[in-house]
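Colleague: Below is the sequence, then the predicted model.
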Amino acid sequence: MTNAWTDIKNTDLVIVMGGNAAEAHPCGFKWVTEAKHHNGAKLIVVDPRFTRTASVADVYAPVRPGSDIAWLMGVIRYCLKNDKVQWDYVKAYTNATYLIREDFGWSEGLFTGYDEEKRDFDRSSWEYQMDDQGQPLTDPTLTHPRCVWNLLKEHVEVYTPEFVSNLTGTPIDRYLQICGMIGETSAKDKVMTSLYALGWTQHSKGAQNIRGMAMLQLILGNIGLPGGGVNALRGHANIQGLTDIGLLSHMMPGYMNLPTEREPELADWLKARENKPMFPGQTSFWRNTDKFMVSFLKSLWGEKAQAENDWGYGWLPKLDVPYYDILRVFDMMDRGEVNLYICQGFNPLLSFPNRAKLTSALSKLKLLVSIDPLQTETVNFWQDHGIYNDVDPTKIMTEVIELPSTCFAEDDGATVNSGRWLQWHWQAATPPGSAKHDTWIMAQLFLRVKKLYEEEGGANPEPIMSLSWDYHEPENPHPEELAKEMNGRALADLPDPNDPTKAIRKAGELLDNFGQLRADGSTMSGCWIYAGSWTEAGNMMARRDNHDEGGVGTYLGWTFAWPANRRILYNRASCDLQGKPWDPKRKLLEWNGARWEGFDVPDISPTAKPEEVMPFIMNPEGTARLFSRKLLRDGPFPTHMEPWESPIQNPFNKEMRGNPVGRIFPQDLAQLGTSEEFPFVGTSYRLTEHFHYWTKHSKTNAVLQPEFFVEISVELAELRGIRKGGRVRIWNKRGEIWAKAVVTKRIKPLLCDGKEVHVVGVPLHWGFMGAARKGFGPNSLTVFAGDANIDTPESKVFLVNIEPASGDLIA
Amino acid sequence: MTTLAPEPLTAASNPPTQPLESNLLPTDVRRISATAHVPPPTRQLTEVAKLIDVSKCIGCKACQSACIQWNDTHPAVEENVGIYENPHDLTPDMFTLMRFAEWENPETNELEWLIRKDGCMHCEDPGCLKSCPAPGAIVQYTNGVVDFISDNCIGCGYCVKGCPFDVPRIHKTAHVSKKCTLCSDRIAVGQGPACAKACPTQCITFGPKEEMKALAAERVEDLKERGYDNAGLYDPQGVGGTHVMYVLHHADKPSIYSGLPDDPRISPLVEAWKGPAKKLGLMAAGAAFLGSALHGIFAKPNEVSEHEEEEAEELYEDIVHEAPEAAEASGEAAR
Amino acid sequence: MNVNLSRRSFLKLAGAGAAATSLGAMGFGAAEAAVAARVRPFKLVTTTETRSICTYCSVACGIIMYSNGDFKAGEQAELVHIEGDADHPTNRGTLCPKGAALKDFIKSETRTTVPRYREPGGTAWREVSWDFALDKIARHIKDDRDANFVETNDAGVTVNRWTTAGFLAASGGTNETGWLTWKTTRALGLLPLDNQARV
């Protein structure tokens, strides 16, 4: 989230699209009802199903799964055509005025530079026109035909209301009504907030869905303002934290990329990350990457990291492919290229696509380990549960070990919420049986491997031997020590730049913020964005002052938010070029002539003059990007692409299937179905009564939603002879599942490209373990292909067929 | 000596863990089932109410979850029968239930998903209490809470018949009638009910009834501004008003909310009972009569078997014959 | 009154007693006695409160866990109830249907409680010691890393990577667990590392 849960109360308009906030995040959704009750806010819900969020919406519109880009580009077109633009914001704070290279263009659904063989774009033309100094050329009058604004106008021209309605299935009058409501928030005193989740990410063009909304919010001037923003409602309690700490195959902590083998030395890695400001006087905060990186390497290797050995950079593993994402790894596993797999609090057998392939892959492992407080389906994948897990254990040669770990009630530590608040919690209960903390388990595994290397030698033991392990009780590192390690400390006295005779921090002291980090090895910090979370003043993540200064919901005294305790990102953009709030009634910050003041930590140097330093300090431009240059693989503007499995053809290019630069493995390509064989659009989602695959272990939640079902329209039920509460079979080339049928008026057939499109809703909470009834999940049917930029699987769209099934299932 | 717990003013405060003296006492009771001459309560507690703003409800079932957890009940894991209601009805282990109705508004042609939290309404004029033959099984406090006292309950099921909202449920094995207590144990220590504390959107609020009515008026105004011309408060006067009230977008049509009664009243038979049974001298016998009469009216399956009905009627005859003067006895308890 | 008394037997009792009883005999004393057992004792009295954060979604609601026994004081602590923390700015004491039933997750019958091992082709689990389980995993890690670790690539560049093993990290876990997991897996050279954010 750019903003915080509590900030939603400030909004005038909420759009929930690509998510189902009321069901997946009920207590966060409270702030939507609060905005409606006390701020007169309206709620728009756009979803293939009339969800429980829609039940309290002012306006609901149905949409075909996988058509969101067209829908959003159409709204942008509406705003541009009808002068619903926050002009001052767009001209000053975005790259609307920048000129783009003459050779950039788009036709037949493709941007310039497409190489069909490589399934990739040569992105060199997706760039600004620069002068000799490398400074982009701009046209403040927005009249130049090559400026971003005019290219955007051209790009969205095709997305007329008629085109959008025909493609998405949203009725045209409803679409125009919503466009009108959204357009009104271009006024300086009106703000819209966007709440989205996996309804936008789980697509072959997920990143572009979100880009679409980010661009719209920039055009409306709604980024950085209280009640505004683009708000990713993250899933798990600490999915934000684990992303922050870089537990992704290509990441390091603090949003630094893991080196590739094309960056053999630290200097190579740093050179690609110089991030010089594009214009004089701009901030370009990533310029400090060397400080973050060296401090990080010091946290990893301690004394072993010295300037002479490149701070131990060489010991970091180097990528040969963009990433070893879960699709790639399970594909490798299925080909026998992975021997050992460890799941820590993770149940891939239900959460990854194409379950048949997953079972096949897991069966080829030598060893599978689960570290989990619950008995997962994954760790029991070798068990025969009849149709619910139809395997022959005697033929599965994988060794399996299940390690019991504690759950949140039985440990101390911090989790990071969607609004980036790091909140500490305390152990309340004695763990069951001999369950152990994850930290103890990880330490034990590492120390035992290390001991084997000490005793036997083996493949390069250096990184193992060099890993910093400065814990009071080495066998059992304490959460407090680990938290402090991430915060960082001074390794030598840090001289005060204003008075070198003084030290801002003495050697050994915890750092106050990331501004104190150094690239000379005199500081260490495991995760630079967490600097300030545990200082000499104590554990900032445990703070409990719930006073709301200014009444804008920032709660600066409550726990700690990264970065620097800031609650709304880009908040400098809540003020105009003179530093006055766009809307005086919605004041967050203000320039007092010398400093930024207000109710949030300014997202800019506190003394940066408003007319000089632009708000988007994480970009070298200082401005936000309507045109994203080469950053995304599938285009600098979002363009409509059909899902891998779609009931209709891409209207721009009949030959194009899915995302033209998306990766798909050959055997998975062969398993794609067509709408002739599988005429209905399946989509996956959560229900409010359950949390993923955990709460089926909770008796109460099993009571509230006991059994797997699918949701279909009355019309589809009639078409297929399915009765309410009857059993149905749903299948495609990848698998088949059986479910109860919920027949509802809340799903209606959509009219798209002259065809009636029926949606089959498949919730994801059931398996063969726990207190709820045995069932299936959508992943028996989902496509084993992901987003072109990050390879998040396309779990939100897949083609299926459905028929009535008779008799009771015997497990 | 422990401190006296405060009266509950809101649902949203953290429960105490220190011992507190209950603020819901036997002397706060104003009505007792099958009992005449209830002494006047020593004080009048602030009348409380739970307000359920249906327009804010997201049907998440947090109320059901919190209810199960607080009351330590154990509803069965049922099956899916093609609907969202789970369990499928109120049960002796599920005191509250989200009911879901898909309604196409004929005026707008828009689908509305009307989700209503069902459960005890805590009527000012409680039909359950009036029809209950077991002395002390149902009580009403001066703050409006109608509570079932299982130790005194005989599980006869008359309260089910006497309830205009079809709320109480008989526990098959324990032979007691169960329903929402409005979390009387929480109210006794100054806490709001568990469901109201949990409700994520604060669609359920709890406090003094007058404050809840004022909040409802504010919500009704907001709904009218959003085009719900018939938005209103549901506080049905046929049962003297209730201590659980709804804000409805369509207050002119309560029944579209999964059969919420348009104009709930205690059955005339329960009222009539005051007449013929007046001098009975034994509430239980009167209730037996009532039960049989109601059975004929509602003709729905219940705890009362045909054989038992016959037996009850015989008993009633016997009583009337044996003690004709008792027919003048008071039915004050059911006043 | 005996709660197990059936309605039928009650009716008989009532009938038998009718002649002998009049309402006048049922004074306040009896009424009070009938009501005395009413309100349930407040179940959180004398429990220990521990503040925590819900483990499910990223709203991260504040909760209070009520236990018999104080874990921080070195006692055995048994959870008896969980409720929203009214002081928390986000949830203000509220909880969703998952959060309100957290206790049932913590006390689930399908919690893991002891290390278990399933041998190749085996049809059942067997309980094992921590030492057995950890040593076995460590041996697998060591052997596979030794066999498949790539110190330098074909071009002679130091790459220190290991791709024949994979690790999924828990985004339900703490930052501190995540950090220790990052350190230890990367020190081994592991590249196939992901968490739920990928899916």
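Modeller: Looks like it arrived, so ask away. Numbering: from 1, shown residues only, chains lettered A, B, ... in the order given.

Colleague: all contacts plus neighbour counts: C-alpha atoms, from now on.
Modeller: OK.

Colleague: Assign a three-state SS to the residue in the stretch 201-335 of chain B that chain A sits nearest to, would you?
Modeller: Closest to chain A within the stretch 201-335 of chain B is B:T201: 4.2 Å, counting by Cα to the nearest Cα. The three-state label for B:T201, taken from DSSP: H, G, I helix; E, B strand; the rest coil, comes out as coil.

Colleague: Surely it and A:E23 touch.
Modeller: No - using Cα atoms under 8 Å as the test, B:T201 is too far from A:E23 to be in contact (11.3 Å).

Colleague: Helices of the stretch 51-200 of chain B, residue ranges please.
Modeller: In the stretch 51-200 of chain B, the helices defined using DSSP state H, counting those that start in this stretch lie at B:62-71, B:127-131, B:158-162, B:184-187, B:194-198.

Colleague: now swap in chain C and tell me
Modeller: C:7-18, C:28-35, C:102-106, C:130-148, C:175-187 (DSSP state H).

Colleague: Check which helices and strands the fourth one is in contact with.
Modeller: In this structure, helix C:130-148 makes packing contacts with strand A:340-344, helix A:438-456, judged by 3 or more Cα pairs under 8 Å, 6 or more residues apart in numbering or on different chains; DSSP states H and E.

Colleague: between it and strand A:340-344, how many degrees?
Modeller: Relative orientation of helix C:130-148 versus strand A:340-344 (axes from the mean of the first three to the mean of the last three Cα atoms, to 10 degrees): 130 degrees.

Colleague: how far off helix A:438-456 does helix C:130-148 point, in degrees?
Modeller: Put simply, helix C:130-148 runs at 60 degrees to helix A:438-456, going by the same axes, to 10 degrees.

Colleague: Now helix C:130-148 - C-alpha only, CSV.
Modeller: Extracted in CSV, the C-alpha atoms of helix C:130-148 (Å, rounded to 0.1, in the frame of the first residue of the first chain):
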residue,chain,number,x,y,z
TRP,C,130,14.7,-33.9,16.6
ASP,C,131,18.3,-35.1,16.3
PHE,C,132,17.3,-37.8,13.8
ALA,C,133,15.3,-35.4,11.7
LEU,C,134,17.8,-32.5,11.7
ASP,C,135,20.8,-34.7,11.1
LYS,C,136,19.1,-36.4,8.2
ILE,C,137,18.2,-33.1,6.6
ALA,C,138,21.7,-31.8,7.2
ARG,C,139,23.2,-34.8,5.6
HIS,C,140,21.0,-34.5,2.5
ILE,C,141,21.9,-30.8,2.2
LYS,C,142,25.6,-31.5,2.5
ASP,C,143,25.6,-34.3,0.0
ASP,C,144,23.5,-32.6,-2.6
ARG,C,145,25.3,-29.3,-2.3
ASP,C,146,28.7,-31.1,-2.6
ALA,C,147,27.4,-32.9,-5.7
ASN,C,148,25.7,-30.0,-7.5
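
Colleague: residues contacting the residue positioned nearest the centre of chain B?
Modeller: Against the mean C-alpha coordinate of chain B, by Cα atoms, centre = their mean, the closest residue is B:C120 at 2.7 Å. B:C120 sits next to B:F95, B:T96, B:F165, B:V167, B:P168, B:K179, B:C180, B:T181, B:V244 when contact means Cα atoms under 8 Å, 6 or more residues apart in numbering or on different chains.

Colleague: State the pLDDT value of the closest residue to the second one other than its chain neighbours.
Modeller: By that I understand B:T96. Distances taken as Cα to Cα, 6 or more residues apart in numbering or on different chains place B:G119 nearest to B:T96, at 4.6 Å, with adjacent residues excluded. pLDDT recorded at B:G119 is 98.

Colleague: my guess is B:G119 meets B:T181, correct?
Modeller: No - when contacts are counted by Cα under 8 Å, B:G119 is not listed as touching B:T181 (9.9 Å).

Colleague: Number of residues surrounding B:A49?
Modeller: B:A49 is flanked by 27 other residues according to other Cα atoms under 10 Å in any protein chain shown.

Colleague: Tell me the pLDDT of A:V797.
Modeller: In this prediction, A:V797 carries a pLDDT score of 98.

Colleague: How much space separates it from A:I722?
Modeller: Counting by Cα to Cα, to the nearest Å, the separation of A:V797 from A:I722 is 22 Å.

Colleague: Compare those two and say which one has the larger neighbour count.
Modeller: Set side by side, A:V797 and A:I722 show more neighbours around A:V797, with 28 against 23, by other Cα under 10 Å.

Colleague: which residues touch residue 68?
Modeller: I went with chain A, as the question did not name one. Counting by Cα under 8 Å, 6+ apart, A:D68 touches A:T168, A:W200, A:N209.

Colleague: wrong one, I was asking about chain C
Modeller: By Cα under 8 Å, 6+ apart, the residues touching C:N68 are C:T46, C:T47, C:T48, C:A77, C:E78, C:L79, C:V80.
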